[in-house]
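S.K.: Coordinates for the following, if possible.
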Amino acid sequence: EYRGLVKHSGGCHCGAVRFEVWASADLHVFNCNCSICTKKQNRHFIVPASRFKLLKGADNLTTYTFNTHRAQHTFCKTCGVQSFYTPRSNPDGYGIAPHCLDDGTVQTIVTEDINGKEWEKAVKEHKTIRDMSKP
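M.R.: Residues are numbered from 1 along each chain as shown. Now for the predicted structure:
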């Protein structure tokens, strides 16, 4: 267990992929405007890899990459839902889609817009994003 955090459970639409993640009940979610996040409406919060556990569905995940190939856009092969991925900003963590969490553990969501169209500049200027995957 992690002090001050709650265990959230979630997964894809068809249920083939399930995970649990330890995070605050009050989520800080990024709304990125880069090309892929815009197309997918990818809103996510970032956690260290140590606070994420894939419960089932590793064999049902597939990955899409582009450009630098650092971000690993994983999604369910059956239903196509991306419930989590490995963000370019935090390759040692996970970006979790809050809308893929089961009901009952999220108290509030604060959304922060991030200018992914100018990714290098946005990440350089952001004071905390790169540290969000640190335990």
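S.K.: Can you tell me the SS state at the residue sitting nearest the centre point of the chain?
M.R.: With distances taken as C-alpha atoms, centre = their mean, G95 lies nearest the centre of the chain, 1.7 Å away. Following DSSP: H, G, I helix; E, B strand; the rest coil, the label given to G95 is strand.
S.K.: contacting residues for it?
M.R.: By C-beta atoms under 8 Å, 6 or more residues apart in numbering, the residues touching G95 are 30, 42, 44-46, 84-87. All C-beta spots, glycine's among them, are computed from the backbone N, C-alpha and C.
S.K.: Same question for S24.
M.R.: Residues near S24 by C-beta under 8 Å, 6+ apart: 4-6.
S.K.: Try it again at 7 Å.
M.R.: Applying C-beta atoms under 7 Å, 6 or more residues apart in numbering, one finds that S24 lies in contact with L5.
S.K.: distance of it from W119?
M.R.: When distance is defined by C-beta to C-beta, to the nearest Å, S24 is 25 Å away from W119.
S.K.: ditto for P91
M.R.: Taken as C-beta to C-beta, the span from P91 to W119 is 14 Å.
S.K.: again with D102
M.R.: 31 Å.
S.K.: what does G11 give?
M.R.: From G11 to W119 the distance is 28 Å (C-beta to C-beta).
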